[in-house]
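>>> With the sequence up front, the predicted model follows.
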Amino acid sequence: MSAFQRHRRSGHVIATFTGFEADLLRSLASQLVELLHSEAAVPEDRDPFEALMDFTGPTTEPEDPVLARLFPTAYPDDEEAAGEFRRFTEGALRDGKARAAATIIDTLEEAGLPDELREDGLTIDVEMDADTAHAWMRSFTDIRLALATRLGVEDGDEDYWYALPEDDPRAQAHDIYDWVGYLQETLVGALSR
């Protein structure tokens, strides 16, 4: 994978992924979308105006630890205010996060990632405008939070992760967490140029 870079003429952000890397990113984004819809805040098949005017969203913290991390309680000392805040905001926040993750999937598939990866040596060249790049960046944050929560990553525990044997599935998952961090860092760098 090449780092994200800004194309001088177009101003777009570009990167090249191996087929495996692109497929892994699609899988991570797909899993995030699925998780965001697993405890649906609002039904998906509603009229957009009706959804905009409906404030009957959830009032309690999600049960899944990843969702609880993605949608933290706004007022930890005031259960009623926290419930009201969640009711008015969580549905739209879930939809925004799902759209950002879907942008990763759509961008990779539009760049040539097949439905099922069967070819070794495949490379995917991605070029995106600033809005698309910002959606990727937001989704990278959500993916990293999800991975960190599932793995139990904490500040300052790098020695633990690097001491695990390479064939340990937790070490491999942590490598993916680090890789998504690298992608995010180079994307931020490309956008700031």
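Nice, I can see it. Note that the structure is predicted; figures quoted are calculated from it, not measured. Residues are numbered from 1 along each chain as shown.

>>> Tell me how far residue 100 lies from residue 133.
Counting by C-beta to C-beta, to the nearest Å, the gap from residue 100 to residue 133 is 11 Å. Placement of C-beta: from N, CA and C, glycine included.

>>> Could you do residue 15 as well?
Taking C-beta to C-beta as the measure, residue 15 and residue 133 are separated by 10 Å.

>>> what does residue 171 give?
From residue 171 to residue 133 the distance is 30 Å (C-beta to C-beta).

>>> Kindly report the same for residue 91.
From residue 91 over to residue 133 (counting by C-beta to C-beta), the distance is 26 Å.

>>> Likewise for residue 163?
Residue 163 sits 35 Å away from residue 133, going by C-beta to C-beta.

>>> Could you do residue 190 as well?
7 Å.

>>> Show me which of the two is the more surrounded one.
Ranked by neighbour count (other C-beta atoms under 10 Å), residue 190 and residue 133 place residue 133 first, with 24 against 20.

>>> Quick one: residues contacting the residue lying closest to residue 181 once chain neighbours are set aside.
Excluding the flanking residues, the one nearest residue 181 by C-beta to C-beta, 6 or more residues apart in numbering is residue 144, at 6.0 Å. Residues near residue 144 by C-beta atoms under 8 Å, 6 or more residues apart in numbering: 177, 180-181, 184.

>>> Can you give me the pLDDT of the residue nearest the centre of the chain?
Nearest to the geometric centre of the chain sits residue 139, at 3.0 Å (C-alpha atoms, centre = their mean). Listed pLDDT for residue 139 reads 98.
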